[in-house]
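*Asks:* Sequence and predicted structure, then a few things I'm wondering about:
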Amino acid sequence: MNQADITGVTLEAMQTRAAALRGDILQTPVVPLFSSRVSDVLDGAHIALKLECFQHTGTFKARGALSVARQLDDDTRGRGITAASAGNHAIAAGWAAAKLGISAKVVMQDNANPFRVELARATGAEVIMKPPGAETFAEAERLVRDEGRFFIHPFEGLHTSLGTSGVGLELMAQVADLDAVVVSVGGGGLISGVAAAVKAINPACRVYGVEPVGADSMSQSLAAGEPVTIPKVNTIADSLGPPMALPFGHALCAVYVDDVVTVSDDEICAGMVVLQQAAKLAVEPAAGAAMAGALGPLRGHLAGRRVGVIVCGANIDTESYLGQLARGQAALESLLS
């Protein structure tokens, strides 16, 4: 197959895009993780948490959505945008549209968490509910065809990766001499930008991705040497649940990501417990995955190192969160043993 052209993702392009977004995107803080238990597991590693959970819309998704929307010409803006999502991307697309005064109709899966549906509506976007999978995307395609709306993809494309690269640029400026960065992986929109930025600044810094066992499309794609679609997704981390990698994100990951590992849903929940107990952060499962990866399959690579962990989002309702914490508490000893 033809490899996607990723030559547009240069350090200069990433820095230019970050500067262009600076007025609307927060530079999220970095805080050290102080935990004797984590320190024991990782042989005294220094863990720096990059708090994208404090970004506008509650996740890193605001960066990619606004980066894409900012590229639209006046005629396209006049017709509005659409998006397809289980949650976080719909919220971010609605927020980006509101920032720019653009009409937004976002299509959400009818099994989406009601908390996220309300967050999307709160942006001013019209929310259309459809069955998950093909019907959700078909409705977004209809809005493109019938109303001329521009489809903002949830994770694929040059402008998405340039937007998310700001996470990596900020982290490298905020923490000196990082040895490794750990990033949760769904479709690859976040890790593609972060990895490109990290490697452009320090090629020796390792970049590791973490996927749920039941949603390992990027792992399979990197092993196959081309984007792969998996037949079924099975994970509580719904924001890490796209069933496929796509050419642009896959190509960036193939060049810049050192390895992608997988964790179970129990381990993801245990990662959420670690972030709650050690960092006092209430996060969604996608963020717990990165912590679980660092403490589980990546511990041998990270022991004694200076490590950045991207805390990617925190859009979760209280009931779901409490249930997942209870599940994580039961799995915590296994993760930390």
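*Replies:* Good, I have the coordinates. Residues are numbered from 1 along each chain as shown.
*Asks:* can you tell me which helix in the protein is longest?
*Replies:* helix 318-336 (DSSP state H).
*Asks:* mind listing what's buried in that one?
*Replies:* Under the neighbour-count criterion of 16 or more other CB atoms under 10 Å, helix 318-336 has 321, 324-325, 327-328, 331-332, 335-336 buried. Every C-beta, even on glycine, is put in place using the N, C-alpha and C of the backbone.
*Asks:* How about stretch 33-53?
*Replies:* For stretch 33-53, by 16+ other CB under 10 Å, it's 33, 35, 38, 41-42, 45-53.
*Asks:* So which of those residues belong to helices?
*Replies:* 38, 41.
*Asks:* Between the buried residues of stretch 33-53, which sits nearest residue 147?
*Replies:* Nearest to residue 147 among these, counting by CB to CB, is residue 52 at 31.9 Å.
*Asks:* Disregarding flanking residues, what is the spatial nearest neighbour of that closest one?
*Replies:* residue 60 (4.2 Å; CB to CB, 6 or more residues apart in numbering).
*Asks:* how much space is there between the one you found and residue 190?
*Replies:* 5 Å (CB to CB, to the nearest Å).
*Asks:* Low-confidence stretches in the stretch 1-150 of the chain?
*Replies:* Along the stretch 1-150 of the chain, segments meeting pLDDT under 70 span 1-2.
*Asks:* Would you map the strands across it?
*Replies:* 30-32, 46-51, 81-85, 104-109, 126-130, 150-151 (DSSP state E, counting those that start in this stretch).
*Asks:* what residue ranges in the stretch 151-300 of the chain score low on pLDDT?
*Replies:* For the stretch 151-300 of the chain, no range has pLDDT under 70.
*Asks:* list the residues that contact both of residue 60 and residue 190?
*Replies:* Jointly contacting residue 60 and residue 190 under the rule CB atoms under 8 Å, 6 or more residues apart in numbering are 164, 167, 310, 312.
*Asks:* Now for the second one, how many residues are close by?
*Replies:* Other residues within reach of residue 167, judged by other CB atoms under 10 Å, total 29.
*Asks:* The residue most central in space within the chain: what's it in contact with?
*Replies:* Taking CA atoms, centre = their mean, the centroid of the chain lies closest to residue 190, which sits 4.5 Å from it. Neighbour list for residue 190: 60, 64, 155, 164, 167, 183-184, 310, 312 [criterion: CB under 8 Å, 6+ apart].
*Asks:* Now with 6 Å, please.
*Replies:* 60, 164, 183 (CB atoms under 6 Å, 6 or more residues apart in numbering).
*Asks:* That one looks like it's in a helix, true?
*Replies:* Yes - under DSSP: H, G, I helix; E, B strand; the rest coil, residue 190 falls within a helix.
*Asks:* That one - nearest residue in space that isn't next to it in sequence?
*Replies:* residue 164 (5.0 Å).
*Asks:* Surely the one you found touches residue 61?
*Replies:* No - assessed by CB atoms under 6 Å, residue 164 is found out of contact with residue 61, at 8.7 Å.
*Asks:* Show me which positions of the host helix or strand of residue 220 end up buried.
*Replies:* Using DSSP states H and E, residue 220 sits in helix 217-224. The neighbour-count check on helix 217-224 (16+ other CB under 10 Å) flags 217-222 as buried.
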